[in-house]
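Asker: Kindly generate the corresponding structure for this input.
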Amino acid sequence: MAAGGFCKLPNGTVVVALNLPSPAGPDGSVRFLVHAHNRARALTRLRNLGLRAVYLRGNAAPPTPDEITAVLHHPDGLIWRTAPVAGVTAGPAQERWHPIRALLRRPTAQT
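Answerer: Coordinates of the predicted model:
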């Protein structure tokens, strides 16, 4: 089950945050942030990228103010990073946000 939430902004748009299991293994998860006109469009953007079974139930893990700022300042309005482990405080070594292109980029074959 994915934890997530949303925040409606004063201009009527929303920022949706979702924690999904990491494709790298069973330990850990990835946090996605999407800026869109409404929640349905935010989820559709993720589904169109291949994340088919993405649903937002409830508002258990809404985006923080820092996360909202990060996604609003990104030109694509769709970013991700490894979700922090519960109980571990964020420090200066916290991972930066990545554009969705970095996640979808396939490694090139080197000859």
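Asker: mind checking pLDDT for the nearest residue to P21 once chain neighbours are set aside?
Answerer: Nearest non-adjacent residue to P21, counting by C-beta to C-beta, 6 or more residues apart in numbering: S29, 5.6 Å away. For every residue, glycine as well, the C-beta is placed using N, CA and C. For S29, the model assigns a pLDDT of 83.
Asker: What segments of the protein are helices?
Answerer: Under the criterion DSSP state H, the chain contains helices at 39-48, 65-72, 100-104.
Asker: circling back: and the residue nearest to P21, what is it in contact with?
Answerer: N19, L20, P21, S22, T82, A83 (C-beta atoms under 8 Å, 6 or more residues apart in numbering).
Asker: Any chance you could spot the residue sitting in the middle of this structure?
Answerer: For the chain, the residue sitting closest to the mean C-alpha position, by C-alpha atoms, centre = their mean, is F32 at 0.7 Å.
Asker: Do I have it right that that residue meets G77?
Answerer: No. Using C-beta atoms under 8 Å, F32 is not in contact with G77; the gap is 11.4 Å.
Asker: ok, A53 - contacts?
Answerer: Residues in contact with A53 (C-beta under 8 Å, 6+ apart): none are found.
Asker: Please determine how far it is located from R45.
Answerer: 15 Å (C-beta to C-beta, to the nearest Å).
Asker: picking that back up, okay if I get the helices of the chain as TSV plus mean neighbour count, mean pLDDT and distance to C7?
Answerer: Shown next, in TSV, are those (neighbours: other C-beta atoms under 10 Å; pLDDT from 0 to 100; distance: least, C-beta to C-beta, whole Å):
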stretch	mean neighbour count	mean pLDDT	distance to C7
helix 39-48	16	92	10
helix 65-72	14	94	6
helix 100-104	13	74	19
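Asker: Please name every helix or strand in contact with the helix or strand of the chain with the lowest mean pLDDT.
Answerer: Here the helix or strand of the chain ranked lowest by mean pLDDT, DSSP states H and E is helix 100-104, holding a mean of 74. If you count contacts as 3 or more C-beta pairs under 8 Å, 6 or more residues apart in numbering; DSSP states H and E, helix 100-104 packs onto strand 78-82.
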